[in-house]
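Undergrad: Sequence and predicted model, in that order:
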Amino acid sequence: MNTYPSYKDSGVEWIGEIPSGWDVKRLDHFFTQRKDKVDDTMYPPLSVTMKGIKNQLEGVAKSDDNSNRKLVLKNDFVINSRSDRRGSSGISFRDGSVSLINTVLEPKNINTNYVEYLLKSHYFIEEYFRFGKGIHFDLWSTNYSLMKNIKIPVLSEEQQQQISDYLDHKTSKIDTLLEKTQQKIEFLKEQRISLINTTVTKGLDPNVEMKDSGVEWIGEIPSGWSVRKLKYISNLKTDKGDTSEGDIKISPENVESYTGVCFNLHSEQEGKGTIFKPGDILFNKLRLYLVKIISPDYEGYSMGEMIVIRMNKNISNRFYFYTFFNQGFINLLESQSTGVKLPRVSPDVIMSSKLPLPSLQEQQQIVDYLDKETSKIDKLVDIESKRIILLKEYRQSLISDVVTGKVDVRDEVLV
């Protein structure tokens, strides 16, 4: 990438060196704060998100005072002042209203598209919250009285437009790659689900004689298989224990939904938990797609909404670990969930569910096959997930470098 012919020190840490023809000025030289109070009937509510300004999202917390909101006009820049909403900002695409926690700025003598890139760049976001105040780093605010003192680059309107055009072009290409990569990940995950769905109910032999299982979600099963209720091939464990700081604790929040892998063996939940042993299956009755089989290496406490299931002898716990991921089984339990805000299925319903029962030898053959095939898929997902991280980092770095003059895009040909 090209650089400018010469640079000078901007005197501003977050900006660093700037092209010799640029300058820096306080942010309030380019913005006027908009403080008008309106109601959300005349000015429809907007949400300020990390992906920009959107029509108000469903399910967000709403104030009962519909008139106590800030006016936003099209092309205003809106930023959430709280540090726990870091990066939530953008140029508004329409007139509307936002909650009082947001700062609304009317740009003047500055390209709004350039503003979008500059004030959403990584280094500006960090500088914005460095100017904040509060009693705790994770929850403080940056008011406009402080924000207005932040210095930003000053460059010609022509260069602002060149930068905007360049970044529109480049980020559009990156976003297309991100979307395609995410679609590939979703396809791989669907492939994984389909593989499990078929294998745990149909077995490995495509030519085997089949029979009706008598259970709708299972459908036909190999003629040598049977069907049993879960409570006849396992036990629901209910022994409780008091957890201490050093104990292994697992709750739904530290289980990855896709694979059932625990990314943290120390849940933040405190109090009594259900004791689990090596080989037990932890099953979440609130979010049914979260399941975890415990490795032979440790024991601990199941917290929150997770129940503990221990399979009988001569029953493969890993076969039923895979079976519990079957979408038909999950759909069955979801249809029997109760509760309005947070539907959950009762342990009795789970334990009374009918499941396919192959011979132990076939259970192990299926486990070996699924371990091998899902491992291949998981590795591909991991590769694509890392690609997404790298693309996002590149996008972020590119924007920050261009808007602060580290990269010269004046002579770039956009094709």
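TA: Noted; the coordinates are in hand. In this text the structure is predicted, and so the values were computed from the model without any measurement. Numbers count the residues shown, from 1 in each chain.
Undergrad: For the rest of this, base every contact and every neighbour count on C-alpha atoms.
TA: Noted.
Undergrad: Which residue ranges of the stretch 101-250 of the chain form strands?
TA: For the stretch 101-250 of the chain, the strands defined by DSSP state E, counting those that start in this stretch cover 102-107, 133-136, 139-141, 151-154, 210-212, 220-222, 226-229, 234-237, 240-242, 249-250.
Undergrad: and those strands as TSV, adding distance to Leu370 and mean pLDDT?
TA: Formatted as TSV, these follow (distance: least, CA to CA, whole Å; pLDDT from 0 to 100):
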stretch	distance to Leu370	mean pLDDT
strand 102-107	50	95
strand 133-136	47	71
strand 139-141	45	77
strand 151-154	55	96
strand 210-212	21	96
strand 220-222	18	97
strand 226-229	21	97
strand 234-237	22	96
strand 240-242	33	89
strand 249-250	25	86
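Undergrad: Which of the ones you listed sits closest to Thr201?
TA: Among the strands of the stretch 101-250 of the chain, strand 220-222 comes nearest to Thr201, with 5.9 Å by CA to CA.
Undergrad: The nearest residue to Asn235 once chain neighbours are set aside: neighbour count?
TA: Distances taken as CA to CA, 6 or more residues apart in numbering place Arg310 nearest to Asn235, at 5.2 Å, with adjacent residues excluded. Around Arg310 sit 21 other residues, with neighbours defined as other CA atoms under 10 Å.
Undergrad: if I look at Arg310, how far off is Glu362?
TA: Going from Arg310 to Glu362 by CA to CA, to the nearest Å gives 20 Å.
Undergrad: again, but for Gly405
TA: Gly405 is 64 Å from Glu362, where distance means CA to CA.
Undergrad: Who has more neighbours out of these two?
TA: The residue with more neighbours, out of Gly405 and Glu362, is Gly405; 22 against 16, by other CA under 10 Å.
Undergrad: is it true that Tyr144 touches Thr103?
TA: Yes. Between Tyr144 and Thr103 there is a contact under CA atoms under 8 Å: 6.8 Å.
Undergrad: so what's in contact with those two at the same time?
TA: Shared contacts of Tyr144 and Thr103 (CA atoms under 8 Å, 6 or more residues apart in numbering): Gln33.
Undergrad: Report the buried residues of stretch 242-251.
TA: For stretch 242-251, the neighbour count (16 or more other CA atoms under 10 Å) marks Thr243, Ile248, Lys249, Ile250, Ser251 as buried.
Undergrad: Give me the distance between the two termini of it.
TA: From its first residue to its last, stretch 242-251 covers 15 Å (CA to CA).
Undergrad: How about stretch 206-216?
TA: Using CA to CA, the two ends of stretch 206-216 sit 20 Å apart.
Undergrad: in that stretch, what's buried?
TA: Buried residues in stretch 206-216, defined by neighbour count with 16+ other CA under 10 Å: Ser213.
Undergrad: next one: stretch 391-404
TA: Neighbour-count burial for stretch 391-404 [16+ other CA under 10 Å]: Leu391, Lys392, Arg395, Gln396, Leu398, Ile399, Ser400, Val402, Val403, Thr404.
Undergrad: could you pull out the strands for the stretch 251-400 of the chain?
TA: Using DSSP E, counting those that start in this stretch, strands in the stretch 251-400 of the chain cover 272-276, 281-284, 291-293, 300-302, 306-311, 354-357.
Undergrad: among those strands, which is nearest Gly260?
TA: Short answer: strand 291-293, nearest of the strands of the stretch 251-400 of the chain by CA to CA, at 4.7 Å.
Undergrad: by contact count, what packs against the closest one?
TA: When contacts are defined as 3 or more CA pairs under 8 Å, 6 or more residues apart in numbering; DSSP states H and E, strand 291-293 packs onto strand 281-284, helix 317-323.
Undergrad: Could you dump these into TSV with mean neighbour count and mean pLDDT added?
TA: TSV is the format used below for the helices and strands packed on strand 291-293 (neighbours: other CA atoms under 10 Å; pLDDT from 0 to 100):
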stretch	mean neighbour count	mean pLDDT
strand 281-284	26	90
helix 317-323	22	94
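Undergrad: Out of those, which gets nearest to Thr274?
TA: Nearest of the helices and strands packed on strand 291-293 (CA to CA): strand 281-284, 9.9 Å.
Undergrad: Which strands or helices does the closest one pack on?
TA: For strand 281-284, the contact count by 3+ CA pairs under 8 Å, 6+ apart identifies strand 291-293, strand 306-311 as packing neighbours.
Undergrad: Out of the ones you listed, which is the most enclosed?
TA: Counting by mean count of other CA atoms under 10 Å, strand 291-293 has the highest mean neighbour count of the helices and strands packed on strand 281-284, with a mean of 25.
Undergrad: Looking at Tyr144 and Thr103, which one has more neighbours?
TA: The neighbour comparison of Tyr144 against Thr103 (other CA under 10 Å) goes to Thr103, with 22 against 19.
Undergrad: got any ranges where the stretch 1-150 of the chain has weak pLDDT?
TA: Flagging of the stretch 1-150 of the chain using pLDDT under 70 yields the residue ranges 58-66, 135-139.
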